[in-house]
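Trainee: Just the structure for this:
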Amino acid sequence: MSDHKATSRSVLTVGDLLSFPALQMRLLAGGGGLGRTVSWAHVSELEDPTPWLLGSEVLMTVGLAVPRSGEAQRRYLERLDDAGVAALVLSTQLRTPPLRQAFLAAAEERGFPVLEVPLAVPFVTIAQEVAAAVRENSAERLGAQLQVFGALRWMAEENLDIPALFDRLEQLSGYRLFLCTAQGRPLLPGVAAPEDVSVLPADADAPPTVPGGFVLPVLGPGGAAGYLVALEQAGARPAGLAVVQHLATVAALRLAMVRQEREVLRREGAETLAELLQDTLDPASAQRRLAHHRLDTQRPVVLAVLRRTQDDQLEGALSDHPHLTLRRGEDRLVLAEPGFTEALAGLPGAVCGVSRPFTVGEPLRVAQQEAEWAAGRAEEAGKPLVHYGEDATGRWLPEDRRLLSALVEQVLGEALRYDAAHGAQLLLSVRTWMERDRRTEEAAAALHIHPNTLAYRLRRFGEVTGRDLSTTAAFTEVWFAVRAATELGVAAAGP
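Mentor: Predicted coordinates for the structure are as follows:
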């Protein structure tokens, strides 16, 4: 058995087997896949042997497993290819039915080698050639496996960061490694996601073999957190499924460590933000803690208030932005540099209010009021994101809620009591009309009433409050009072 000596410097391929004179093989179809790696040779007469395969096998059959119809033959070939089989070897002059055009066309399209071997060459001869070729590389593969299994020791002793760790694992395993979530997004920082997400399985229990490598789940507390995709590198010696399984375990451990680090940072950030809001943190300590969270204390920051969002969605949107978060009831408060707010606007169903930029060291009480006001305005307007100052009125309102209440009572008190006593909607009508820049027909349509009815309500409001809305002074006073009522939550909801 000297024909396989040429493979001692590289992995065994289907093309190598085809070139061995002693095997007398002939290519029937699928010549585009002659570079496929061969790890073993096995005989099977099952119509679907894939549950018992690991990938890269040369599957040999006398033909009992091959269906007779063209469509069934095509499905048989596709099952083998999807399971990562390297090639199909058929023995001539035995039980193989006529090969249909659909079968041969599928082999060509997929680059799945279909080989024919004469009856004079027993299957055991092919198996022996494959075993001998694989055995020559076994010592080197074992060395690579042992080094890969030492990955946990490297992490502890050398403190390798994630990119350096996976670079080394690629060199030793012979695979190009990718990590991603089930949706194809990056799973660990510094490790790329695969460009072709079609290799990802429908579920974590799917067979691990894919063309040119393996895909294995990266497990977390709730099941599969994502997937490791290991694809053979050209000219390398792939270390096999056992090593890839170990790589998935290393990825799972590193993911757990990253999540733990993020959780510690999140809790520390929440404590820091709570102390900043209470104004109990001195400037030097505040700057030191913010720098620990990668926030530049020399640049402006903003405070955001988010409503109707989930923590995992928020963390995903903020993953690329240094930030502090704090939960207050149903609200989430976020402190970060101004550029992060656009990421929040895309959170499904969430509304966000953002303060004006300020510098670290200023009290956060004003920023919190601004962000809460903007969040309320976003809810009223049905917008996902509002920055404080977009409505110029807000900046002129007093911060003291007692003063806001006094303004509402003085200007709108009679109208509020009239609405309560008569079931009327004077204040809602006035507010809708003002928000639509005094366009009566548009405001009436929003209120679902006739323009004449709206005109009557405006006149009645003026009679009840003693303020003629046709004058600039009265209009301005009422507008500020309406905004103050909205801030206090006493104004009727808009249409």
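Trainee: Only C-alpha atoms from now on, for both contacts and neighbour counts.
Mentor: Will do.
Trainee: Sketch out the strands for the stretch 201-350 of the chain, chain order is fine.
Mentor: 209-210, 213-220, 223-232, 302-307, 323-328, 331-336 (DSSP state E, counting those that start in this stretch).
Trainee: Same question for stretch 329-346: list its buried residues.
Mentor: Using 16 or more other CA atoms under 10 Å as the burial criterion, the residues of stretch 329-346 that qualify are 331-338, 340-341, 344-345.
Trainee: Could you pull up phi and psi at the residue nearest to Val430 when sequence neighbours are not counted?
Mentor: Here the nearest residue to Val430 in space, its sequence neighbours aside, is Leu458; by CA to CA, 6 or more residues apart in numbering that works out to 6.3 Å. Note on Leu458: its backbone torsions stand at phi -60, psi -40 [degrees, to the nearest 10].
Trainee: Isn't Leu458 up against Leu428?
Mentor: No. Using CA atoms under 8 Å, Leu458 and Leu428 do not qualify as a contacting pair, with a distance of 10.3 Å.
Trainee: Mind listing the shared neighbours of the two?
Mentor: With contacts defined as CA atoms under 8 Å, 6 or more residues apart in numbering, no residue is shared by Leu458 and Leu428.
Trainee: Mean neighbour count, the strands of the stretch 201-350 of the chain: which tops it?
Mentor: Neighbour counts (mean count of other CA atoms under 10 Å) averaged over each of these peak at strand 302-307, with a mean of 26.
Trainee: Give me the mean pLDDT for it.
Mentor: This predicted structure assigns strand 302-307 an average pLDDT of 86.
Trainee: Stretch 200-217 now?
Mentor: For stretch 200-217, the per-residue pLDDT averages 84.
Trainee: Mind exporting the C-alpha coordinates of that stretch to CSV?
Mentor: Below are the C-alpha coordinates for stretch 200-217, written out as CSV (Å, rounded to 0.1, in the frame of the first residue of the first chain):
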residue,chain,number,x,y,z
LEU,A,200,-26.5,27.8,10.8
PRO,A,201,-28.8,24.9,11.8
ALA,A,202,-32.5,25.3,12.5
ASP,A,203,-32.0,24.0,16.0
ALA,A,204,-29.2,23.1,18.4
ASP,A,205,-29.8,19.4,18.0
ALA,A,206,-29.1,19.3,14.2
PRO,A,207,-26.1,17.2,12.9
PRO,A,208,-22.8,19.1,13.4
THR,A,209,-21.4,18.5,9.9
VAL,A,210,-21.6,21.1,7.1
PRO,A,211,-19.7,21.2,3.9
GLY,A,212,-16.0,21.9,4.7
GLY,A,213,-16.4,21.7,8.5
PHE,A,214,-18.7,21.7,11.5
VAL,A,215,-21.3,23.9,13.3
LEU,A,216,-21.8,23.3,17.0
PRO,A,217,-23.9,25.1,19.6
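Trainee: Quick one: residues contacting Val197.
Mentor: Contacts of Val197 (CA under 8 Å, 6+ apart): Gly184.
Trainee: repeat for Leu53
Mentor: Counting by CA under 8 Å, 6+ apart, Leu53 makes contact with 83, 85.
Trainee: roughly how far apart are it and Ser44?
Mentor: Spatial separation of Leu53 from Ser44 under the definition CA to CA, to the nearest Å is 10 Å.
Trainee: just Pro118 next, same as before
Mentor: Here the criterion is CA to CA. By it, Pro118 lies 17 Å from Ser44.
Trainee: Which helix or strand contains Leu27?
Mentor: Here Leu27, judged by DSSP states H and E, is contained in strand 26-29.
Trainee: what helices or strands is that strand leaning on?
Mentor: Here strand 26-29 touches helix 101-110, strand 114-117, going by 3 or more CA pairs under 8 Å, 6 or more residues apart in numbering; DSSP states H and E.
Trainee: my read: His42 touches Leu59, true?
Mentor: Yes. Using CA under 8 Å as the test, His42 is close enough to Leu59 to be in contact (5.2 Å).
Trainee: Comparing those two, which residue is more hemmed in?
Mentor: Residue environment comparison for His42 versus Leu59 gives the larger neighbour count to Leu59, 21 against 15, counting by other CA atoms under 10 Å.
Trainee: on contacts alone, who are the packing partners of the strand or helix carrying the more buried one?
Mentor: In this structure, Leu59 sits in strand 57-61 according to DSSP H and E. Counting contacts by 3+ CA pairs under 8 Å, 6+ apart, the secondary-structure elements packed against strand 57-61 are strand 40-43, strand 87-91.
Trainee: Quick check: mean pLDDT of the first one?
Mentor: Looking back up the chat, that one is strand 40-43. Mean pLDDT, strand 40-43: 91.
Trainee: in its sheet, what does that strand sit against?
Mentor: Each strand that pairs with strand 40-43, with its direction, by DSSP bridges: strand 57-61 (parallel).
Trainee: Can you identify the element that follows the strand it pairs with toward the C-terminus?
Mentor: helix 70-82.
Trainee: what's the spacing between that next one and its chain's center?
Mentor: Distance, stretch centre to chain centre, for helix 70-82: 34 Å (CA atoms, centre = their mean, to the nearest Å).
Trainee: buried stuff in that helix?
Mentor: Buried residues in helix 70-82, defined by neighbour count with 16+ other CA under 10 Å: 70, 72-78, 80-81.
Trainee: Also stretch 407-427?
Mentor: Within stretch 407-427, the residues that count as buried by 16+ other CA under 10 Å are 407-408, 411-416, 418, 425-427.
Trainee: From the buried residues of helix 70-82, pick the one nearest Thr125.
Mentor: The shortest approach to Thr125 among these belongs to Leu80, at 22.2 Å (CA to CA).
Trainee: Could you pull up the residues touching the residue lying closest to that closest one once chain neighbours are set aside?
Mentor: Excluding the flanking residues, the one nearest Leu80 by CA to CA, 6+ apart is Thr50, at 6.5 Å. Contact criterion CA under 8 Å, 6+ apart gives 79-80, 83 as the residues in contact with Thr50.
Trainee: Over to the residue nearest the centre of the chain: give its phi and psi.
Mentor: The centroid of the chain falls nearest to Arg185 when counting by CA atoms, centre = their mean (4.4 Å). Torsion angles at Arg185 (phi, psi; degrees, to the nearest 10) stand at phi -90, psi 160.
Trainee: who's in contact with it?
Mentor: Arg185 makes contacts with Ala193, as judged by CA under 8 Å, 6+ apart.
Trainee: Over to Asp48?
Mentor: Neighbour list for Asp48: 76, 79-80 [criterion: CA under 8 Å, 6+ apart].
Trainee: same thing with Asp82?
Mentor: With CA under 8 Å, 6+ apart as the criterion, the residues that contact Asp82 are 209-211.
Trainee: Let's see that with 7 Å instead.
Mentor: Taking CA atoms under 7 Å, 6 or more residues apart in numbering as the definition of contact, the neighbours of Asp82 are Val210.
Trainee: What's the separation between it and His293?
Mentor: Using CA to CA, one obtains 46 Å as the distance from Asp82 to His293.
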